[in-house]
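**Q** here is my input; please provide its structure:
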Amino acid sequence: MERFLRLYQIRYAGRLAGIMLITSLFSFLLHGLGIGKENILMLFIVGVLLVAYCTNGYQYGVIASIVSVMVFNYLFTEPVRTFSISNQDDVILLIFFLVAALISSNLTVRFRNQVEVARKNEQLAEQLTMEQERIKFAMEKEQMRSNLLRSISHDLRTPLTGIAGASSLIAESGDKMDRESIVSLGKDINEQADWLIQLVENILNMTKIDSGKLVVEKKPEAVEDVINNALSYVKGRRKQRRVEIDIPEEMLLVEMDGKMIVQVIINLLDNAIKHTKEDGFIRIKTEAAPEGVWFSVEDNGTGIEEVIKDRIFDEFVTFRPVNRDTGKGIGLGLAICKAIVTAHGGTIEALNREEGGACFRFYLPFDGHLPEKEQ
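**A** Predicted coordinates for the structure are as follows:
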């Protein structure tokens, strides 16, 4: 520590000597050009200010002030090249110069110290802000983890309870039940199992997305086959809802990862089912565009609340279901839809229909270029 302190003292002493030497030489040059000694004193004051700014401590400014007085006395007061002063005006001038130099150097050192304190305070504030952001992020992450675990445990418990109850009833009273009741219980078990499969699939997809391991394997897929495949997965859950399919008569082949796009449509259909009544209406529509294909899923349900419209594709965002039975979900489905569509080079959006209900549509391009947005 003492070694570093000594090195700094040597460095500051060198700066003091260098500034004083340059100031003296420059003042001598100005004197040779006929510049008055009053103006030359201003040059020495500048030199003192530079010393105070470029060093650390009041002592260097005091030394610079005294050296400046001595150099000025030796070079520019009568008799020159001596430390004697024959003119009383020069004595007063040097006294005022010394006082002004000391005050100026003192103020400069204070200003420099204040700047250094302000800089350290700013760095400390930035560190505190970063630490607060880190703590906030950790708390949000922990809260999100808790919400996810709580939602998953709740959503898993509901279908598992149904499966366990129905299967137990069949096992215990199957020989006393008619075939129609057994088939009905079997359908319920199948419906709950399908929902569990979809939940696990969404969680696995989100895990891949968050870890950057989502791999899109594109190949030509028929749009009609992809839609029918998706419908087969939600057949048991759509119950009394009327589902319409509106696709062009000509076959549409699109480069896509068929399994992932099926998952997108399943999630959009599941979302529509949750937010429509049992006599509700759902339409799946595709439209060919010059650069690709639009897919849309429309319903006449509750629509999208304005408060979440801008963040509806974020994780863990859910909105009001029609009833308690259709309220299952942990808010991952739409976030997964956006990630998958974006990975295909497409875009996805959510709208409220003028007739009531919601419309979710996404675009898959042929060549990776997005179309111009409609006005």
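
**Q** what's the longest helix in this protein?
**A** In the chain, with assignment by DSSP state H, the single longest helix is helix 88-173.

**Q** just checking, next helix/strand downstream of that one?
**A** Per DSSP states H and E, helix 88-173 leads on to helix 179-210 as the next helix or strand towards the C-terminus.

**Q** list the buried residues of the helix or strand following that following helix.
**A** Downstream of helix 179-210, the first helix or strand assigned by DSSP H and E is strand 219-222. Neighbour-count burial for strand 219-222, counted by 16 or more other CB atoms under 10 Å, picks out Glu221. (C-beta placed from N, C-alpha, C; glycine too.)

**Q** what are the pairing partners of strand 219-222, and which direction each?
**A** Next to strand 219-222 in the sheet, as set by DSSP bridges, lie strand 253-256 (antiparallel).

**Q** name the nearest residue to Glu224, ignoring sequence neighbours.
**A** Leaving out its chain neighbours, the residue that sits closest to Glu224 by CB to CB, 6 or more residues apart in numbering is Ile247, at 5.8 Å.

**Q** picking that back up, just checking, what packs against the longest helix of the chain?
**A** Packed against helix 88-173 by the contact rule (3 or more CB pairs under 8 Å, 6 or more residues apart in numbering; DSSP states H and E) you find helix 37-54, helix 58-76, helix 179-210.

**Q** mind putting those into a markdown table with mean pLDDT, distance to Arg283 and mean neighbour count?
**A** Below are the helices and strands packed on helix 88-173 laid out as a markdown table (pLDDT from 0 to 100; distance: least, CB to CB, whole Å; neighbours: other CB atoms under 10 Å):
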| stretch | mean pLDDT | distance to Arg283 | mean neighbour count |
| --- | --- | --- | --- |
| helix 37-54 | 82 | 75 | 19 |
| helix 58-76 | 83 | 83 | 19 |
| helix 179-210 | 78 | 21 | 16 |
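
**Q** nearest to Ser168, out of those?
**A** Ser168 lies closest, by CB to CB, to one member of the helices and strands packed on helix 88-173: helix 179-210, at 10.0 Å.

**Q** pLDDT weak spots in the stretch 1-150 of the chain?
**A** 1, 4, 57, 144-145, 147-150 (pLDDT under 70).

**Q** one more pass at 90, please.
**A** 1-17, 19-20, 23-120, 123, 125-150 (pLDDT under 90).

**Q** quick one: Asp314 is in a helix?
**A** No: assessed by DSSP: H, G, I helix; E, B strand; the rest coil, Asp314 does not belong to a helix; its assignment is coil.
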